[in-house]
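**Q** Need a 3D model of the sequence below.
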Amino acid sequence: MKLLTLTLAFLFGIGSLAAAEKNVIFIITDDESPTLGCYGDPIAKTPAIDAIAADGTIFLNAFATTASCSASRSVVMSGLHNHRNGQYGHQHSYHKFESYKTVVSLSLPRVMANAGYRTGHIGKYHVAPEQVYRYETYFKGNGRNAVQMAEASREFITADDEKPFFLYFATSDPHRGGGKDDTSELELKADLFGNKPNDGSHEGVEEVFYDPAEVPIPHFLTDTPETREELAQYYQSVSRIDQGVGRLVEILKEADLYDKTLLVFTSDHGMAFAGGKTTVYEGGLRVPFVVRNPYEEKRGVKHEALISHIDITPSLLDFAGGLNPKKNAPKEMVNAKKYWADFPEVKKDNLGPNLNAYHGKSWIPILGNADAEHWETIFASHTFHEIQMYYPMRVVRDKEYKLIWNIAHPLPYPFASDLWAASSFQAQFQKSLDAPYGQKSVGEYIHRPQFEFFKIDEDPVEAKNLANAPDHQEALERMKEKLKEFQKEMQDPWIMKWRYE
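**A** Okay, here's the model as predicted:
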């Protein structure tokens, strides 16, 4: 009977009875805020992610370190802030930013492979150099169709291999793109956010359509018809991602791998609206973060701890058993300079700084403990998005206060090309600089003060700048000192701007 069972499993692909333990699927979306049912969103239809949250841990205070695509992904895949990994902006085309070559010692796909994992990547990549962030297997997938991406990953997930797998699954949804909604009666028409025009559907997807009249308006946007139409398109894209997550779960369960696989769901940063993406406001930095660890006894945990994208690489490596907790570095540490010595074509005069530890720390030990703390203070930064968008900002935040230092504050705030063209922004910009935009006017959004200081526990929507408030000067100076100490520790080149300009 046992022989018959094994034979049937082989013939019909029921799944390997000796499938490797401790697999990892890391899902990262493109420009998504915590607009999910499990975060209390009143209209989001995201049953697959909600189910993972109900059977895992949902982090309510998770933050990107920067709200720019390539820069953020370099942090996710290195466990290092941008001013140490070297990738300050976009990797593609004329932007040409890339990480230091010494990051090869700490990069996520490299250390997971060294920990005994077969590594695979599908979807958006957007970091460089490839030699630093190299996966063993790359497969092609339609980033606008997470269901198709899941199917394209099936063979890798279910491969008959004694090694565990690590899959980096990166959608292009819900990023802007795909044209305008020509069915709109408005003069300024909504971006399609990757949706098919004329209420079409992506193959294998049951598209979820949203009524613009019912969408909730985030605090950093203004309630206008243009905003509502764009949000309806955005939510449709979010629901499409959820169906892809659902298909991944189906594949895991069919192969008897669901209870052998860590699932992590997040986004590179907040939604692609002015006030979100490219800013260091809450709308840009706050991200969804859902984890299901099948080996964790306590489930359905809603976690208040502050966590950061710098924590991802050390956490996944910790789960894999490859983290040296005393050094907060890989057990199998690659000597970067010796590694690059074998590549004579690579110049050795600027490989990058010596890197011997992660900036982040593992959240694996606290997944089941809702009362555990993680970071007392988190930091964020922004320098570039597109290369023409120079606007350095540095941020320090705890659960009480948040300080933003707009280093180039005499400059008007630069816009990403897609955010400038957004109907949700243009509808207000074309009225006047005095027109409202979220908690500010259009003019206040474009022209920013040197410091923005918020009592974030009482003012989570960042409505009242307390930088000049007499009764908050002591707290302001304390946060400035924290920021300076952090910049010094991270060897942030922009620390010199405290002394001049």
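
**Q** Next one: the closest residue to residue 172 other than its chain neighbours from residue 191, what distance?
**A** The shortest distance from residue 172 to any residue that is not its chain neighbour, by C-beta to C-beta, 6 or more residues apart in numbering, is 2.9 Å, and that residue is residue 143. The way it works is simple: take the backbone N, C-alpha and C, and place the C-beta from them, glycine included. Counting by C-beta to C-beta, to the nearest Å, the separation of residue 143 from residue 191 is 16 Å.

**Q** cool, residue 161 as well?
**A** According to C-beta to C-beta, residue 161 stands 42 Å off from residue 191.

**Q** quick one: which of the two has more around it?
**A** Regarding residue 161 and residue 191, a neighbour count based on other C-beta atoms under 10 Å identifies residue 191 as having more, with 25 against 12.

**Q** That one contacts residue 174, correct?
**A** No - applying C-beta atoms under 8 Å as the test, residue 191 and residue 174 come out as separate, 10.3 Å apart.

**Q** can you tell me which residues contact residue 153?
**A** The neighbourhood of residue 153, defined by C-beta atoms under 8 Å, 6 or more residues apart in numbering, consists of 120, 122, 139, 141, 167, 169, 248, 251.

**Q** element containing it?
**A** Mapping residue 153 onto the secondary structure by DSSP states H and E places it in helix 146-157.

**Q** hang on, residue 291 in a strand?
**A** Yes - using DSSP: H, G, I helix; E, B strand; the rest coil, the assignment for residue 291 is a strand.

**Q** Now the helix holding residue 153: buried residues?
**A** By neighbour count with 16 or more other C-beta atoms under 10 Å, helix 146-157 contains the buried residues 146-154, 156-157.

**Q** again with stretch 247-265
**A** Going through stretch 247-265 with 16+ other C-beta under 10 Å, the ones that come out buried are 247-249, 251-252, 255-258, 260-265.

**Q** mind checking how far residue 88 is from residue 385?
**A** Counting by C-beta to C-beta, the separation of residue 88 from residue 385 is 10 Å.

**Q** who touches both of the two?
**A** What both residue 88 and residue 385 touch, as defined by C-beta under 8 Å, 6+ apart, is the set residue 71.

**Q** Listing partners with orientation, what would you give for the helix or strand just after the helix holding residue 153?
**A** Using DSSP H and E, the helix or strand that follows helix 146-157 in sequence is strand 165-170. With DSSP bridges as the test, strand 165-170 is paired with strand 23-29 (parallel), strand 118-123 (parallel).

**Q** So what's the gap between strand 165-170 and the chain middle?
**A** Taking C-alpha atoms, centre = their mean, to the nearest Å, the mean C-alpha location of strand 165-170 is offset from the chain mean by 14 Å.

**Q** Mind checking the pLDDT average for the very next helix or strand once past that strand?
**A** Once the chain leaves strand 165-170, the next helix or strand it forms, by DSSP H and E, is helix 225-254. The pLDDT scores in helix 225-254 average 98.

**Q** Tell me the buried residues in helix 225-254?
**A** 225-249, 251-252.

**Q** just stretch 475-494 next, same as before
**A** In stretch 475-494, the ones that count as buried by 16+ other C-beta under 10 Å are 475-476, 479-480, 482-484, 486-487, 490, 492, 494.

**Q** Work out the gap between that stretch and the centre of the chain.
**A** Relative to the mean C-alpha coordinate of its chain, stretch 475-494 is positioned 24 Å out (C-alpha atoms, centre = their mean).

**Q** Please apply the same query to stretch 237-254.
**A** Relative to the centre of its chain, stretch 237-254 is centred 18 Å away, using C-alpha atoms, centre = their mean.

**Q** try stretch 229-241
**A** Averaging C-alpha coordinates over stretch 229-241 and over its chain gives two centres that are 18 Å apart (C-alpha atoms, centre = their mean).

**Q** picking up where we left off before, the buried residues of stretch 475-494 in helices, which ones?
**A** When DSSP state H defines the helices, the subset of the buried residues of stretch 475-494 inside them is 475-476, 479-480, 482-484, 486-487, 490.

**Q** Need the max-distance pair from those.
**A** The largest separation in these, counting by C-beta to C-beta, is between 475 and 490 at 22.6 Å.

**Q** hmm, back to that, test my guess that the residue nearest to residue 172 contacts residue 169.
**A** No - taking contact to mean C-beta under 8 Å, the distance of 10.2 Å between residue 143 and residue 169 leaves them out of contact.

**Q** shared neighbours of these two, anything?
**A** Contact criterion C-beta under 8 Å, 6+ apart; residues bridging residue 143 and residue 169 by contacting each: 123, 149.

**Q** more crowded one of the two?
**A** Neighbours were tallied for residue 143 and for residue 169 using other C-beta under 10 Å; the higher tally belongs to residue 169 (27 against 20).

**Q** wait, what's in contact with the more buried one?
**A** By C-beta under 8 Å, 6+ apart, the contact list for residue 169 reads 25-28, 122-123, 149-150, 153, 248.

**Q** Residue 292 versus that one, what's the distance?
**A** Plainly put, residue 169 is 14 Å away from residue 292 if you go by C-beta to C-beta.

**Q** now do residue 479
**A** Relative to residue 292, residue 479 is positioned 35 Å away (criterion: C-beta to C-beta).

**Q** for the protein, which spans come out with low pLDDT?
**A** Residues of the chain that meet the criterion pLDDT under 70 lie in 1-18.

**Q** for it, which residue is closest to the average position?
**A** Ranked by distance to the mean C-alpha position of the chain (C-alpha atoms, centre = their mean), the top residue is residue 268 at 2.0 Å.

**Q** Can you tell me the closest non-neighbouring residue to that residue?
**A** Skipping the residues right next to it in sequence, residue 268 comes nearest to residue 72 by C-beta to C-beta, 6+ apart, at 4.2 Å.

**Q** for the one you found, what are its contacts?
**A** Listed by C-beta under 8 Å, 6+ apart, the contact partners of residue 72 are 64-66, 268-269, 309.

**Q** so residue 479 sits right up against residue 452, yeah?
**A** No - with contact taken as C-beta under 8 Å, residue 479 and residue 452 are classed as non-touching, separated by 11.3 Å.

**Q** what do these two both touch?
**A** The overlap between the contact sets of residue 479 and residue 452 (C-beta under 8 Å, 6+ apart) consists of residue 403.

**Q** Residue 234 is in contact with residue 175, isn't it?
**A** No - with contacts counted by C-beta under 8 Å, residue 234 stays clear of residue 175, the gap being 9.8 Å.

**Q** Can you check which residues contact both of those two?
**A** With contacts taken as C-beta under 8 Å, 6+ apart, residue 234 and residue 175 have 193, 272 as neighbours in common.
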